[in-house]
Every structure is written in structure tokens, then in C-alpha cells.
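In: I'd like to go over a predicted model; first the sequence, then the structure.
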Amino acid sequence: MNRSLIALASLLVLAGCAGSGGQQAAAPAATPAASSPSRVASAGGECNAQGLSALVGQSYSDSLAERARQQSGAGTLRVVRPGEVMTLEYNPQRVTIVVGEDASISSARCG
């Protein structure tokens, strides 16, 4: 009886995992109340990292971030500011810009 119950529980767990259809909703990054949204969805495609390293060290601005999204061809822009949580899932259609404590860009990459 216990084996049957364990087997049934295992199947239910697996069925729950399979039921997602392989699509995961992106978890929003934690955002302090005073800052702007971390994610901006836009039309576009897969991100091309060529040229993103040139952003490192520049002062962050929304217009610079949007230009980076457009130039990389990314469909989504994610900006991570100091103290914010960043999810670790890889999204080939996203450019991620990490802003340091001094308001300059410390990292810019696809994913």
C-alpha cells in the first residue's frame, strides 16, 4: 500500500512538471519603490552581444539602455540596479544591463 502511494505521489509531481508545456513565466526582478521598472518589453528578436562591452563604464540612462537593446536586436531589455534580485534563467531574446552603485554600467550581456 505504501509503495502504491509513493508511486502515485511521484507520478503526480512529474505530471505537474510536465503540465507547464516547457514555457516558464519570467519572474519579475525585485524593484525598490523609487526606481523605474526593471524590464521593458519591446518588439525584436534574438540578442547579439557584439558591441555591448563598449557600454561598461558609461553612466546609465534609459535612452542608452534602449539604444543598446535596439542595436543588439534584443526583444527585451532588463536593467538590474544595486540591491535588486536577478533571475538566472537564460533568455536569448533579452539584453541585461547591470548598473553599479556609482550609476555606471558594470555589465552588459545577452541573456
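Out: That came in fine, so what should we check first?

In: Quick check: residue 71 vs residue 83, distance?
Out: 28 Å (Cβ to Cβ, to the nearest Å). For the C-beta atoms, the positions are set from N, CA and C on the backbone; glycine is no exception.

In: Tell me which of these two has more neighbours.
Out: More crowded of residue 71 and residue 83, by other Cβ atoms under 10 Å: residue 71, with 15 against 10.

In: Could you check the pLDDT of that one?
Out: Residue 71 carries a pLDDT value of 94.

In: List the contacts of it.
Out: By Cβ atoms under 8 Å, 6 or more residues apart in numbering, residue 71 lies in contact with residue 51.

In: host element of it?
Out: Using DSSP states H and E, the element containing residue 71 is helix 62-72.

In: Next secondary structure element downstream of that helix?
Out: Using DSSP H and E, the helix or strand that follows helix 62-72 in sequence is strand 76-80.

In: Need the mean per-residue confidence for that next one.
Out: pLDDT averaged over strand 76-80 gives 96.

In: Output the below-cut-off pLDDT ranges for this structure.
Out: Low-confidence segments of the chain (pLDDT under 70): 1-44.

In: just the helices in it please.
Out: Counting by DSSP state H, one finds helices in the chain at the ranges 2-18, 62-72.

In: So the closest residue to residue 69 other than its chain neighbours versus residue 101, what's the distance?
Out: Excluding its sequence neighbours, the residue lying closest to residue 69 (Cβ to Cβ, 6 or more residues apart in numbering) is residue 77, at 4.2 Å. In this view, residue 77 and residue 101 are 21 Å apart by Cβ to Cβ.

In: Looking at the two, which has the bigger crowd around it?
Out: Neighbours were counted for residue 77 and for residue 101 using other Cβ under 10 Å; residue 77 has more, 23 against 9.
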